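Novice: please work out how this folds:
(chains A and B)
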Amino acid sequence: MSEHNHETHEPVPYRTFILIWVALIILTGVTIAVSRVDLKELNIWVALGVASFKSSLVLFFFMHLRQESRLFRVGLLILLVILAIFLGLTFVDVLYR
Amino acid sequence: MSIEHRDDTGARFGMWLFLYTEVILFSGLFILYAVALMKYPEQYSQASHKLNIYFGSINTVVLLTSSLTVALAISAIQMKRIKQCLTLCWVTVALAIVFLINKYFEWSAEISHGIYPGSETLAEMGAGVTSFFNLYYFTAGLHGLHVFIGATLIAVVAIMTAKGKVTSERYTLLENSALYWHLVDLVWIFVFPLYYLIL
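Specialist: The predicted structure is shown next:
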């Protein structure tokens, strides 16, 4: 018999995924609505904030990050740190030229 | 039965590693966008108004829904509902095609208005507008390419599932294709507000 490393996850119920989808659609509506109101500088930050929240829903639920081992989350964290350095150093250059 | 070595978690982590690099690929474009937005705030807003918000919104809903259907396909195969899994995969592919058809109409309209990289109309509108549309075509084009690749992957996996090569015991291929598809969705979640919704 074959014995393999087969830690399958519990199937996520359809209901959970559908609720996440509803939340994503509502948040898209929020993004569009807020973008039509002039909040000056704040507009872009609200848009990025909502987009980040939507991304985390996709990552943790649709992409099963919630069920994966810690390694996957550590990888994501390292990615975000690299991006912050990338962005930070670029702006240090651009802003203080 | 033969002894086989397999490590499903390892296979998925390999996919995640690849997806981390994909995020870095797209981030380069988003950072260019951020720098240009700071340099030309008015022109970016002016250029953003030329994009069709309806196409953008519909395509957002299409992609979010396709992400849902492919996520459901994984639950279906885990619960041994192969038929449902196949239907969900093909719905995902169909939604990807809808997305690309929308993109075709959207770009055709823009190009017919003289908005395309290197056009004279753009050059007359100034450096800011030109940079907005160059980045828009590059980012959306690269994203569209990912939509095409992702849809192809899901179609191949659906065929393999129908042939019994991907089963409820062994479905890492489906999981990894789905992960790729969700990345396409993630990128669009940022493209949509940044390009279509600048007031």
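
Novice: wait, does stretch B:122-130 contact chain A?
Specialist: No. Counting by C-beta under 8 Å from any C-beta of the partner chain, chain A is not contacted by stretch B:122-130; separation bottoms out at 15.2 Å. For every residue, glycine as well, the C-beta is placed using N, CA and C.

Novice: can you list contacts of that stretch?
Specialist: Under the criterion C-beta atoms under 8 Å, 6 or more residues apart in numbering or on different chains, residues B:36, B:39-40, B:42-44, B:46-47, B:114-116, B:133 lie in contact with stretch B:122-130.

Novice: can you give me the end-to-end distance of that stretch?
Specialist: Separation of the first and last residues of stretch B:122-130 by C-alpha to C-alpha, to the nearest Å is 6 Å.

Novice: buried stuff in it?
Specialist: B:122, B:125, B:128-130 (16 or more other C-beta atoms under 10 Å in any protein chain shown).

Novice: ok, and which of the contacts of stretch B:122-130 reach chain A?
Specialist: Okay, of those, nothing touches chain A (C-beta under 8 Å from any C-beta).

Novice: which of those residues are buried? Put it as a ChimeraX command.
Specialist: Restricted to buried positions by 16+ other C-beta under 10 Å, the ChimeraX selection for the contacts of stretch B:122-130 reads:
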select /B:36,40,43,44,46,47,115,133
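
Novice: the contacts of stretch B:122-130: which two are farthest apart?
Specialist: Greatest spatial distance among the contacts of stretch B:122-130 (C-beta to C-beta): B:K39 and B:G114, at 23.6 Å.

Novice: mind splitting chain A into its structural domains?
Specialist: Residue ranges for the domains of chain A, per automatic domain parsing: A:13-66, A:68-97.

Novice: what are the buried residues along the last one?
Specialist: When burial is assessed from 16+ other C-beta under 10 Å, domain A:68-97 yields the following buried residues: A:68, A:72, A:75-76, A:79, A:83.

Novice: quick check: B:S67 touching B:H182?
Specialist: Yes. The pair B:S67 / B:H182 is scored as a contact, 5.5 Å apart, by C-beta atoms under 8 Å.

Novice: residues shared between the contacts of the two?
Specialist: Residues touching both B:S67 and B:H182 (C-beta under 8 Å, 6+ apart): A:58, A:62.

Novice: among the contacts of stretch B:122-130, which are located in helices?
Specialist: Assigned to helices by DSSP state H, the following of those qualify: B:36, B:39, B:42-44, B:46-47, B:133.

Novice: and the residues you listed as TSV, adding pLDDT?
Specialist: Below are these laid out as TSV (pLDDT from 0 to 100):
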residue	pLDDT
B:A36	95
B:K39	93
B:E42	93
B:Q43	94
B:Y44	94
B:Q46	93
B:A47	94
B:F133	96
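
Novice: now, which of those sits nearest A:V50?
Specialist: Among those, B:Y44 lies closest to A:V50 (C-beta to C-beta), at 19.0 Å.

Novice: for chain A, what's the longest helix?
Specialist: When chain A is parsed with DSSP H, its longest helix is helix A:70-95.

Novice: mind checking the pLDDT average for it?
Specialist: In this model, helix A:70-95 has an average pLDDT of 95.

Novice: anything in it near chain B?
Specialist: Yes. Judged by C-beta under 8 Å from any C-beta, helix A:70-95 and chain B are in contact via A:71-72, A:75-76, A:78-79, A:82-83, A:86-87, A:90-91, A:94.

Novice: alright, that wraps it up for me.
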